[in-house]
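Participant: After the sequence you'll find the predicted model.
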Amino acid sequence: MAETKFQTIVDVPRFPWQTGYQKKNLFMGSCFTENVGAKMETLKYSVDINPFGILYNPLSVANGLQLLLDEKQFSANDLVEHNGLWHSFSHHGRFSNTEQNEALDDINARIKSSATFLKQADFLFLTFGTAWIYRYKKTGKLVSNCHKIPAREFVRERLPVQQIVEVYYDLLTKIWQENPDLKVVFTVSPIRHWKDGAIENQRSKATLILAIDQLIQELGVGKCAYFPSYEIVMDELRDYRFYAEDMLHISEVAVKHIWSRFEAALVSPESIEIAREVQKITNAVQHRVINKKSLEYSKFLLSFLKKLELLEKRFPYLNLKLEKEYFNVQIEEFGGSDKTIVS
């Protein structure tokens, strides 16, 4: 008797190249990018996540990448004031500030560090959320975020496939001139933009998928690839229990599932093994106890400090400095028990 199947599983073959603890990974795009990037960050991989904040459409992501290539330094003329906050139309609201100079300092410091990171990166993960864009009527320029400025001040339009392809063909060619070994992995966010309407959301997602497919064909599979996060959610997680309360964003369970598929396809076996041990250490850091003066807690701290130091010796490229400092501080507060193992 044939086994009954309750899911349609998306085939995700293992990629010919994998990331890992010795690789640098730059993530840019929609909030889904932050979910996967944050998971890697928690596991202590080398990552840089959204140096402009969350960006939803391909042209805004491309604009951000171009600003990194140019190492653009923003000035007061690049900001706009609205409702007591200074905003950049190239950035998410997380960079907005009541103080103009502070906003500029945050923006410019991040561009400087991320421009360096891009030149050294091994992987560039790009997540597109929508093909709809907004232009500011006063300047005609694309905006990455409207910052709650009235909608009447913007023009809304949907990008055609060919425009996305042309922009990224030229842009990635420039990036590869500076970093020829960089691998680019495209994804489409599974989060639906419901304010566009069900039909327009589907047309938008289709535009992104077609553009990415054409780009990979033109640029070559040796340089680019596609990770089917959108398809995994649509097929493998077709149940509202995998969504947040708004029925649009995906739940933590769904994020974990996609991460497991991502890890299996794109992370080296050695790094997957290391990540399991790193996870135990990060769990220990987050562990909270009622009695910090108990002997059991002292043994707990010392045992995990030993595990951490063994990991550092086996894999010297791991960055567990903060976790090591945490254990040492906790041991010192306890009374410095068995200080011979505390470095």
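Facilitator: Sure thing, it's come through.
Participant: going forward, measure contacts and count neighbours with C-alpha atoms only.
Facilitator: Will do.
Participant: Enumerate the positions of stretch 122-142 that are buried.
Facilitator: 122-136, 142 (16 or more other Cα atoms under 10 Å).
Participant: Quote the end-to-end distance of that stretch.
Facilitator: End-to-end distance of stretch 122-142 (Cα to Cα, to the nearest Å): 29 Å.
Participant: could you say what helices and strands the strand or helix carrying T33 packs with?
Facilitator: Per DSSP states H and E: T33 is located in helix 31-42. With contacts taken as 3 or more Cα pairs under 8 Å, 6 or more residues apart in numbering; DSSP states H and E, helix 31-42 sits against strand 24-29, strand 46-49, strand 123-128, helix 252-266.
Participant: where does the stretch 201-343 of the chain have low pLDDT?
Facilitator: Counting by pLDDT under 70, the stretch 201-343 of the chain contains low-confidence ranges at 335-343.
Participant: all helices in it, in order from the N-terminus.
Facilitator: Using DSSP state H, counting those that start in this stretch, the helices found in the stretch 201-343 of the chain span residues 229-236, 252-266, 269-286, 295-314, 321-334.
Participant: quick one, the first one and helix 252-266 angle?
Facilitator: Regarding helix 229-236 and helix 252-266, their directions subtend 120 degrees when assessed with axes from the mean of the first three to the mean of the last three Cα atoms, to 10 degrees.
Participant: Pull out the buried positions in helix 229-236.
Facilitator: Neighbour-count burial for helix 229-236 flags 229-233, 236 (criterion: 16+ other Cα under 10 Å).
Participant: Equivalent analysis for stretch 278-296, please.
Facilitator: Under the neighbour-count criterion of 16+ other Cα under 10 Å, stretch 278-296 has 278, 281-282, 284-285 buried.
Participant: Quick check on T19: phi, psi?
Facilitator: phi -90, psi 180 (degrees, to the nearest 10).
Participant: And for R152?
Facilitator: Dihedral angles (degrees, to the nearest 10) for R152: phi -60, psi -10.
Participant: And for T98?
Facilitator: The phi and psi values for T98, taken as degrees, to the nearest 10, are phi -70, psi -20.
Participant: Provide a list of residues in contact with it.
Facilitator: By Cα atoms under 8 Å, 6 or more residues apart in numbering, the residues touching T98 are 84-86.
Participant: Among these, name the buried ones.
Facilitator: Buried, going by 16+ other Cα under 10 Å: 85-86, out of the contacts of T98.
Participant: pLDDT, secondary structure and distance to G93 for the contacts of T98 - can I get that in CSV?
Facilitator: As requested, the contacts of T98 are exported to CSV (pLDDT from 0 to 100; DSSP: H, G, I helix; E, B strand; the rest coil; distance: Cα to Cα, whole Å):
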residue, pLDDT, secondary structure, distance to G93
G84, 96, coil, 13
L85, 97, strand, 10
W86, 98, strand, 9
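Participant: mind putting the helices of the stretch 201-343 of the chain in JSON lines, distance to Q202 included?
Facilitator: As requested, the helices of the stretch 201-343 of the chain are exported to JSON lines (distance: least, Cα to Cα, whole Å):
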{"stretch": "helix 229-236", "distance to Q202": "11"}
{"stretch": "helix 252-266", "distance to Q202": "20"}
{"stretch": "helix 269-286", "distance to Q202": "35"}
{"stretch": "helix 295-314", "distance to Q202": "46"}
{"stretch": "helix 321-334", "distance to Q202": "44"}
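Participant: List the residues that contact the closest residue to E270 other than its chain neighbours.
Facilitator: In space, and not counting its chain neighbours, E270 is closest to G20: 8.0 Å by Cα to Cα, 6 or more residues apart in numbering. For G20, the contacting residues are 45, 267-268, 270-272, by Cα under 8 Å, 6+ apart.
Participant: rewinding a little: of the helices and strands packed on helix 31-42, which is nearest P13?
Facilitator: helix 252-266 (6.3 Å; Cα to Cα).
Participant: how about the closest one: buried residues?
Facilitator: For helix 252-266, burial by neighbour count (16+ other Cα under 10 Å) applies to 254-255, 257-259, 261-266.
Participant: got it, and stretch 192-199?
Facilitator: Buried residues in stretch 192-199, counted by 16+ other Cα under 10 Å: 192-193.
Participant: Run through who's touching that stretch.
Facilitator: Under the criterion Cα under 8 Å, 6+ apart, residues 129-130, 201, 248-249 lie in contact with stretch 192-199.
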